[in-house]
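J.: everything below, folded, please.
(one chain, ligands or ions: 1)
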Amino acid sequence: SSVRIPELKHHDELADLVVEFNGMLDRMQHYIDQQSDFVQDVSHELRTPVAILEGHLQLLNRWGKDDPEVLEESLSASLQEITRMKSLIQEMLDLTRADQVDIQFPNAVTDIHQILQQVVNDFRMIHPDFTFTFDDALEGETFVRMYRNHVEQVLIILMDNAVKYSTSRKEIHISAANEEEGVAMAIQDFGEGISPEDRKRVFNRFYRVDKARSREKGGNGLGLAIAQQLIENYKGTIEVDSALGHGSVFRVNLPVITSNQAAELRRQANL
Ligand code: ADP
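T.: Numbers count the residues shown, from 1 in each chain. Modelled structure (predicted):
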């Protein structure tokens, strides 16, 4: 950027400081650019629900008093739109907060095995029309350095999507195993799938393959961005494999710690 200091010719501590300073400026500029992109995306996303609300309020204003049908329809459509905006705002907050977790919860530790079992059972109850198979190769407690809510949030986002984007075959496969790099989890559906082009973008905030369809299902295009942000903050990885028309697999890897390390972290957290 324009405020950078020209690099010095000598190689001394002052020259090092200039390089350091310029690096800092670049990082700040990058951060500012990211923030301004985000504000732009948010304004764009809020425009649709606001326009819909405005339309319904105009209808109400003009005909609502005389026409009970307009009254009922526009009122319920407006309420629905407000609900959608509330969830959009909540997800945007989640996304910005996902950035800061490392500092906030340095001693966070969670048994991911237990959370997985719980989430799978919850989904079995909420979606009785689906079959959930859980290929569970984990033995006993499996600790990750992650805040409990965040583990749940990531799993729920992926499970929700698997259900949402399933087609006629209502089957979800979940697997978990201990591998060299940590715990490896996969959530597989047999639904509409994602094309190679879209696969590169589904983790981008507000990206939806089919805006209208996703909107119909209550999607804001923020779920996967939140999941990725959280997983990467905890030094894990998340990726997708998919075949259009056949289904998708989302894979998550997270570093694990031993029970002794987990006990020590918990002890420190309670001090
Ligand atoms: P949304 O709220 O729209 O579901 P996400 O960030 O969770 O937002 O997902 C982004 C987009 O990626 C979705 O709109 C959908 O097009 C696609 N997608 C996500 N999960 C799946 C899946 N399991 N199968 C097919 N498409 C998916």
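J.: list the contacts of the residue lying closest to Ile82 once chain neighbours are set aside.
T.: Distances taken as CB to CB, 6 or more residues apart in numbering put Leu53 closest to Ile82, at 7.4 Å, once the chain neighbours are dropped. Quick note: C-beta positions are derived from backbone N, CA and C, even for glycine. Under the criterion of CB atoms under 8 Å, 6 or more residues apart in numbering, the contact partners of Leu53 comprise Ser78, Glu81, Ile82.
J.: for Leu60, same thing?
T.: Counting by CB under 8 Å, 6+ apart, Leu60 has contacts Val70, Leu71, Ser74, Leu75, Ser78.
J.: tell me how many other residues crowd the last one.
T.: If you count neighbours by other CB atoms under 10 Å, Ser78 ends up with 19.
J.: now swap in the second one and tell me
T.: Leu71 is flanked by 15 other residues according to other CB under 10 Å.
J.: doesn't Gly64 make contact with it?
T.: Yes: Leu71 lies in contact with Gly64 (CB atoms under 8 Å); the separation is 4.7 Å.
J.: next step: the contacts of Leu53 restricted to helices.
T.: Ser78, Glu81, Ile82 (DSSP state H).
J.: quick one, grab the pLDDT at the first one.
T.: Reading off the confidence values, Ser78 has pLDDT 94.
J.: what residues does it make contact with?
T.: Ser78 neighbours (CB under 8 Å, 6+ apart): Leu53, His56, Leu57, Leu60.
J.: could you find the closest non-adjacent residue to Ser214?
T.: Of all residues not flanking Ser214 in the chain, Arg208 sits nearest, at 4.0 Å (CB to CB, 6+ apart).
J.: which residues does that neighbour contact?
T.: Ser214, Arg215, Gly219, Gly221.
J.: can you pick out the ones from these that are in strands?
T.: Judged by DSSP state E, the contacts of Arg208 include no members of strands.
J.: state the pair within these that is farthest apart.
T.: Arg215 and Gly221 (9.0 Å; CB to CB).
J.: the more surrounded of those two?
T.: Gly221 (21 against 15).
J.: pull the contacting residues for the more buried one.
T.: Residues near Gly221 by CB under 8 Å, 6+ apart: Glu45, Arg205, Phe206, Tyr207, Arg208, Lys211, Ser214.
J.: and the residue nearest to Gly247 when sequence neighbours are not counted, how many residues sit next to it?
T.: Nearest non-adjacent residue to Gly247, counting by CB to CB, 6+ apart: Phe190, 4.0 Å away. Here the number of neighbours of Phe190 (other CB under 10 Å) works out to 19.
J.: repeat that for Glu54.
T.: Glu54 has 12 nearby residues by other CB under 10 Å.
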